[in-house]
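Enquirer: this one's sequence-less:
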């Protein structure tokens, strides 16, 4: 009798958590839908929703068609896809390494992409396509170096974070040097790229990012159960039958690829990968994978921050400036909290 009551109690809790997950995920999707329409409707000229809808359906309306099809739609899609990629990729790293500091911004992966992009812009003067390709390759190379330099007899989260922070510092120094020796006319383009921006987004930049989000997101979700088990620790995951090395490699490669491709399109939008996972976890709670909610939070952060940067101030700011203003205080708060708990000692 007691066993039956225990099972019923557990199942009731599971149903409650599932219901919460569905409600929160649905609310995030609805908010994202509203922000997408806001990106399409708002600008120097506010267009009626009927005109925008007709343009999206293929009709030509003087003035509206060019603004929506060539400027607002690519900007909205770039923010949507990149934000989702940063959110789900950052959450995967934080969950897998069991540390909120273990995200691509802090451990140097996006910095590797940035260094390659700045080198191509200020030294090689290459096209945007080459800059994007170089940033992708550099992101993958950076995570390979971090993994090799931090490898030992056993897997160590702390070692990965410390090596990543060291590589990030080195790459930031390289970026500063490149900006000092670069030609004056190339510096603004490099700084715009480094700040993370949706300005100048083009439809022809999006297919590869779209394919990566559509293909890699199911892989991350499919391994979500194993990802949650990895949170229990190396020995516990191994005893439960998880092939930890293969699972970790697949998750790392999937996350790095999706983040590197997003960085290639928008630049390293600050703190989105860092904030999305913890916010999603607070909203949906525990018990179910928060990969999709983290992606939705990331997309919401990027689109909302871009709208704030465009219309909340007299001067228009890139989206990365706004997300940096939001994320920096949270990073300080997190470091203080972890230090009090002794997690940084």
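Expert: Thanks, I have the structure now. Bear in mind that the values here come from a model prediction, so they are computed numbers and not experimental data.
Enquirer: Now do the buried residues in stretch 198-212.
Expert: Neighbour-count burial for stretch 198-212 flags 198-199, 201, 205-206, 209, 212 (criterion: 16 or more other Cβ atoms under 10 Å). Backbone N, C-alpha and C define where each C-beta goes, glycine included.
Enquirer: In those residues, find the pair that's most separated.
Expert: 199 and 212 (22.0 Å; Cβ to Cβ).
Enquirer: In three-state terms, label residue 126 for me.
Expert: Following DSSP: H, G, I helix; E, B strand; the rest coil, residue 126 is assigned to coil.
Enquirer: Name the nearest residue to it, sequence neighbours excluded.
Expert: residue 120 (4.5 Å; Cβ to Cβ, 6 or more residues apart in numbering).
Enquirer: Phi and psi next, for that neighbour.
Expert: Backbone torsions of residue 120, given as degrees, to the nearest 10, read phi -70, psi -40.
Enquirer: Tell me how many other residues crowd it.
Expert: For residue 120, the count of nearby residues is 23 (other Cβ atoms under 10 Å).
Enquirer: Could you report the distance from it to residue 324?
Expert: Distance, residue 120 to residue 324, using Cβ to Cβ, to the nearest Å: 23 Å.
Enquirer: Quick one: residues contacting residue 125.
Expert: By Cβ atoms under 8 Å, 6 or more residues apart in numbering, the contact list for residue 125 reads residue 186.
Enquirer: My error: substitute residue 310 in the last question.
Expert: 42-43, 316.
Enquirer: Take those residues and write them to JSON lines, including secondary structure.
Expert: Formatted as JSON lines, the contacts of residue 310 follow (three-state DSSP):
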{"residue": "42", "secondary structure": "coil"}
{"residue": "43", "secondary structure": "coil"}
{"residue": "316", "secondary structure": "coil"}
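Enquirer: Which element, helix or strand, includes residue 138?
Expert: In this structure, residue 138 sits in helix 128-149 according to DSSP states H and E.
Enquirer: so what's residue 119 closest to, chain neighbours aside?
Expert: Residue nearest to residue 119 in three dimensions, not counting chain neighbours: residue 178, with 5.9 Å by Cβ to Cβ, 6+ apart.
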